[in-house]
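# here is my input, please return the structure:
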Amino acid sequence: MNKKNVAVVMGGFSDEYKVSLKSGQLIFDSLDRDLYQVYKVVILKEGWYFLDENEERIELNKGDFSVNLKNGEILKFDVCFNIIHGTPGENGILQAYWDAVGQKYTGCDFYQSALTFNKKDTLAVLSKYGIPSAKSVYLRKGDAIDEEKIISELKLPLFVKPNQSGSSLGISKVKEKSELVAAIEFAFKEDDEILIESFLDGMEVSVGVLDYQDETIVLGITEIIPEKEFFDYEAKYEGASQEITPARLDDETREKVEKIAKHAYNSLGMSGFSRSEFIIMNGTPYMLEMNTNPGFSPASILPQQAKIYGISIKDLCGNEVEKALNK
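From the prediction side, this is the model:
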């Protein structure tokens with residue numbers, strides 16, 4: 001039988017590229033070699049490369065995402081396994097390019113990627129489907145900042161965060177009015193648009209959802225206990241948080257979270273891996289954001305959830321490739 005050529009595409013243009021390389025390695029190691037010929041492709045600010053078996057770089061042809069191998073052959077991929085966190089693989093840029101050159105890829109389409117990368121727009125769309133989120137104020141760089149109004153609307157403490165979803169950089173918790181302006185400036189360093197959100201006092205959970213064998217399933221619910229005050233970049237990537245899977249929820253609340261997470265996924269027309277963050281307050285799950293290319297290194301939440309759900313990484317990844325082939 002003809003093995004399909006699969007490129008595991010990792011890296012990216014943001015600080016998260018290091019995590020993406022680990023995620024890519026796990027997928028590269030896990031894909032079934034009886035079914036697929038698996039290759040590595042790294043997309044970085046300084047260039048797009050194919051890595052040969054000696055990890056030597058060969059530049060990619062961007063015209064059709066092919067590689068001119070040293071033996072003179074031209075290698076094309078049946079599927080690209082997209083595991084880039086942040087831009088350009090999680091915000092629709094890469095997907096739009098692949099659509100344009102006719103390259104099949106895993107995960108969601110260009111529109112879902114672009115939408116979910118924008119926290120404000122995601123929450124606005126999902127509110128139409130009855131999914132609650134925190135009260136918020138949205139600012140663009142250059143807007144007038146009315147501190148009194150923001151605080152009277154949202155109350156203290158509150159959160160200031162960049163609107164672009166991706167790494168958890170640029171987030172602050174503001175407890176005193178005097179801290180607000182500095183927090184806004186800090187968030188604007190990461191993005192031209194920011195969200196200021198009311199503080200939800202409850203349990204934070206991370207919910208893995210994907211379409212597996214023609215069915216939307218909740219892979220698991222993980223409880224996040226930050227050692228700091230909230231789940232920031234360090235907590236997420238440098239282990240400064242405790243993660244408990246499955247989350248300590250009573251059945252009724254767990255079912256509510258599962259239902260709302262699936263509803264969000266299906267409402268957006270998602271496919272592929274996703275990880276949604278919620279805060280459960282007084283029994284109601286409030287949505288914070290959805291990641292369409294969540295971390296997939298051995299330490300990441302999604303692989304941990306799969307273990308508990310009883311789906312092997314090999315099957316999880318193989319399912320993604322088969323869906324992409326059938327697109």
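
# when you work out contacts or count neighbours from here on, use the C-alpha atoms and nothing else.
Fine.

# burial check on the residue nearest to Asn61 when sequence neighbours are not counted, number of neighbours?
Nearest residue to Asn61 in three dimensions, chain neighbours excluded: Val67, at 6.0 Å (C-alpha to C-alpha, 6 or more residues apart in numbering). Applying other C-alpha atoms under 10 Å, we find 19 residues neighbouring Val67.

# next one: Ile43
So Ile43, with other C-alpha under 10 Å, has 20 neighbours.

# go on, Glu215?
Look at Glu215: counted by other C-alpha under 10 Å, it has 8 neighbours.

# per-residue pLDDT, it?
At Glu215, the predicted lDDT confidence score is 96.

# what do you get for Phe230?
61.

# in terms of helices and strands, where is Phe159?
Per DSSP states H and E, Phe159 falls inside strand 158-162.

# backbone phi and psi for the residue nearest to Asn61, please?
phi -130, psi 130 (degrees, to the nearest 10).

# now it: how far from Ser297?
26 Å (C-alpha to C-alpha, to the nearest Å).

# any regions of the stretch 51-200 of the chain where pLDDT drops low?
166-167 (pLDDT under 70).

# which stretches in it count as strands?
Along the stretch 51-200 of the chain, counting by DSSP state E, counting those that start in this stretch, strands occupy 57-59, 67-68, 74-75, 79-82, 136-140, 158-162, 172-174, 193-198.

# how much does the fifth one deviate in direction from strand 158-162?
Orientation of strand 136-140 against strand 158-162 (axes from the mean of the first three to the mean of the last three C-alpha atoms, to 10 degrees) gives an angle of 40 degrees.

# quick one, longest helix in this structure?
helix 251-267 (DSSP state H).

# thinking again about what came up before, now do the contacts for the residue nearest to Asn61.
Going by C-alpha atoms under 8 Å, 6 or more residues apart in numbering, Val67 touches Phe50, Ile58, Glu59, Leu60, Asn61, Ile74, Leu75, Lys76.
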